[in-house]
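[1] need a 3D model of the sequence below.
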Amino acid sequence: MTTTTTTITTVQAARWYEKAAEQDHVQAQYYLACCYRNGVGVNQDYEKAIEWYEKAAKQEYVEAQYSLGFIFKNGEGVEQDSAQAADWYLKAARQGHADAQNNLGVLYKKGDGVKQDSVQAAKWYTKAARQGHMTAQLNLGICYITGNGLEQDDEQAAMWFKRAAEQGVNTAQYNLGLCYETGRGVDQDTDEAIEWYQKAAEQGNKSAYAALERLGY
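    Below is the predicted model of the structure:
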């Protein structure tokens, strides 16, 4: 009974989204696109999903812009196209979408769909990291520790690694442990290093396991 009721409800919701979407209601266009993308209340249809995402995206609906970037980057129901992904990520990133900012940074770092540009990569990582995006914080920390795309700065690297580590990013936890073990950007503190290595190891980070073994743990 519950399943039937739920199915009827999602079908009805999709119908109402379509009615509103056809009247240019931007949120309805986005939600209808999601319905078609995931096969919720309608038969899954990526072509229709993209059609409705594009209608919403052209009205500057940021989640639709991001969704199109993700779809084209991952070839989700369409031919993979990193250049199209970059275009849509850029539109969303300019509106402050943190995931889009980080993903655009990755494309610039790799030269995937855009001309390789480490400075642009660091710029977009910074914007996302300042919004608390944990992967961007890790990526920005790596930029600072390596001096890739901005001036090398161990203290900034350690700070961003710590922010990501505190959100549970195991690579950041390992990197922060390494900073404490070697005194890069922070006061050298083996006990603190071990603590962060242990957190990373608990999540299966192999480098952290090796570090703990090296330190006799």
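
[2] for Tyr209, grab the count of nearby residues.
    Tyr209: 16 surrounding residues under other CB atoms under 10 Å. C-beta: built from backbone N, CA, C; applies to glycine.

[3] for it, which three-state class applies?
    Put simply, Tyr209 is helix when judged by DSSP: H, G, I helix; E, B strand; the rest coil.

[4] for the residue nearest to it when sequence neighbours are not counted, helix, strand, or coil?
    Leaving out its chain neighbours, the residue that sits closest to Tyr209 by CB to CB, 6 or more residues apart in numbering is Ala201, at 5.1 Å. Using three-state DSSP, the secondary structure recorded for Ala201 is helix.

[5] which pLDDT value goes with Ala201?
    Model confidence at Ala201, expressed as pLDDT, equals 98.

[6] with Gly149 instead?
    Reported pLDDT for Gly149: 98.

[7] that one - how many residues pack around it?
    Gly149, neighbours per other CB under 10 Å, totals 23.

[8] for the remainder of this discussion, apply numbering that starts at 45.
    Noted, 45 is the first residue going forward, which turns the last one into Gly193.

[9] my read: it touches Trp168, true?
    No: assessed by CB atoms under 8 Å, Gly193 is found out of contact with Trp168, at 9.9 Å.

[10] now Tyr218: closest residue in space, sequence neighbours ignored.
    In this structure, Tyr218 finds its nearest non-sequential neighbour in Ala244, 4.2 Å apart by CB to CB, 6+ apart.

[11] wait, what's in contact with the one you found?
    Ala244 makes contact with 214-215, 217-218, 221, 251-252, according to CB atoms under 8 Å, 6 or more residues apart in numbering.

[12] save these as JSON lines, and put in distance to Ile189 and pLDDT too.
    JSON lines is the format used below for the contacts of Ala244 (distance: CB to CB, whole Å; pLDDT from 0 to 100):
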{"residue": "Asn214", "distance to Ile189": "17", "pLDDT": "98"}
{"residue": "Thr215", "distance to Ile189": "12", "pLDDT": "98"}
{"residue": "Gln217", "distance to Ile189": "15", "pLDDT": "98"}
{"residue": "Tyr218", "distance to Ile189": "12", "pLDDT": "98"}
{"residue": "Gly221", "distance to Ile189": "13", "pLDDT": "98"}
{"residue": "Ser251", "distance to Ile189": "15", "pLDDT": "98"}
{"residue": "Ala252", "distance to Ile189": "17", "pLDDT": "98"}
